[in-house]
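S.K.: Mind folding the following:
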Amino acid sequence: MKEEEETEIACRNLTILPKSGTVCLAKKEVILVNKEFELLLLLAENPDLVFSKDTCSRWRGGWTLWQMRQP
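M.R.: Take a look at the predicted model:
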């Protein structure tokens, strides 16, 4: 069975590989703790949205955007 190529998210010289949890900046791997990676991925996947500091601090990966808007 052929392994599927991972979809990457790229912005300028930043590349995020969501499935493998890898981040590269200028083609050099950046080591992030899980929370940092999840927040970076959230922001990269939603470039047209603005998140408050409070929302980001309460975020626990896997929330839907609808849940994030709830008080």
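S.K.: center of the protein, which residue is that?
M.R.: In the chain, the centroid-proximal residue (CA atoms, centre = their mean) is Leu41; its distance is 0.4 Å.
S.K.: And the strands in the chain?
M.R.: Applying DSSP state E to the chain gives strands spanning 9-11, 14-17, 22-25, 28-30.
S.K.: what's the most buried one of those strands?
M.R.: Highest mean neighbour count among the strands of the chain (mean count of other CB atoms under 10 Å): strand 14-17, with a mean of 18. In short, each C-beta sits where N, CA and C put it, glycine included.
S.K.: got the contact list for the longest helix belonging to the chain?
M.R.: Using DSSP state H, we find that the single longest helix of the chain is helix 34-45. Applying CB atoms under 8 Å, 6 or more residues apart in numbering, the external contacts of helix 34-45 come out as Ile9, Cys11, Leu14, Ile16, Pro18, Gly21, Val23, Leu32, Phe51, Cys56, Trp59, Gly61.
S.K.: Just list the residues touching the fifth one, thanks.
M.R.: Going back to what we said before, that points to Pro18. Going by CB under 8 Å, 6+ apart, Pro18 touches Glu6, Thr7, Ile9, Leu41.
S.K.: Can you add pLDDT and distance to Lys27 and give the residues you listed back as TSV?
M.R.: Putting the contacts of Pro18 into TSV (pLDDT from 0 to 100; distance: CB to CB, whole Å) gives the following:
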residue	pLDDT	distance to Lys27
Glu6	82	16
Thr7	90	18
Ile9	95	15
Leu41	90	19
